[in-house]
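>>> give me the fold of what follows.
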Amino acid sequence: MAVNMLETKAHDLIGQLNPGKLAAVVHLLEVMVHDEDEEEELTEEDRRALRASDEYFRNGGQGIPFEQVVAECGFTMEQISGVKRDS
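As a prediction, the model looks like this:
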């Protein structure tokens with residue numbers, strides 16, 4: 001899709017939002033725009049946490065399935081993906 005078409009579609013969709021959702025979208029856009037400008041350096045604490053995580057998984061540690069995280073947050077996979085699954 002061309003950039004102009006995407007911008008037009010974005011404006012149309014934004015125009016349909018209630019004030020609360022519009023505020024959330026504006027915040028998201030601000031984060032996305034500013035995130036590109038301000039890449040943060042990793043702190044030593046960040047580096048330690050990354051090394052500990054790498055070590056955990058190297059030693060057989062298991063992650064948490066995404067489906068479990070979704071359920072613990074009170075959502076269904078259908079809500080997250082927007083696609084109905086066959087049961």
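>>> tell me which other helices or strands the worst-scoring helix or strand of the chain on mean pLDDT touches.
Lowest mean confidence among the helices and strands of the chain (mean pLDDT, DSSP states H and E): helix 19-37, at a mean of 84. Contact partners of helix 19-37 among helices and strands, from 3 or more Cβ pairs under 8 Å, 6 or more residues apart in numbering; DSSP states H and E: none. For glycine as for every other residue, the C-beta is placed from the backbone atoms N, C-alpha and C.
>>> low-confidence ranges, this structure, go.
Scanning the chain for pLDDT under 70 picks out 1, 35-39, 83-87.
>>> quick check, central residue of it?
Most central in the chain under Cα atoms, centre = their mean is residue 28, positioned 10.0 Å from the mean C-alpha point.
>>> picking that back up, so how far is the helix or strand just after the least confident helix or strand of the chain off the chain centroid?
Next along the chain after helix 19-37, taking DSSP states H and E as the criterion, comes helix 44-58. With Cα atoms, centre = their mean, to the nearest Å as the basis, helix 44-58 stands 22 Å off its chain's centre.
>>> in helix 44-58, what's buried?
The neighbour-count criterion (16 or more other Cβ atoms under 10 Å) identifies no buried residues in helix 44-58.
>>> about what we covered before: residue 14 versus the residue nearest to the centre of the chain, what's the distance?
Distance, residue 28 to residue 14, by Cβ to Cβ, to the nearest Å: 11 Å.
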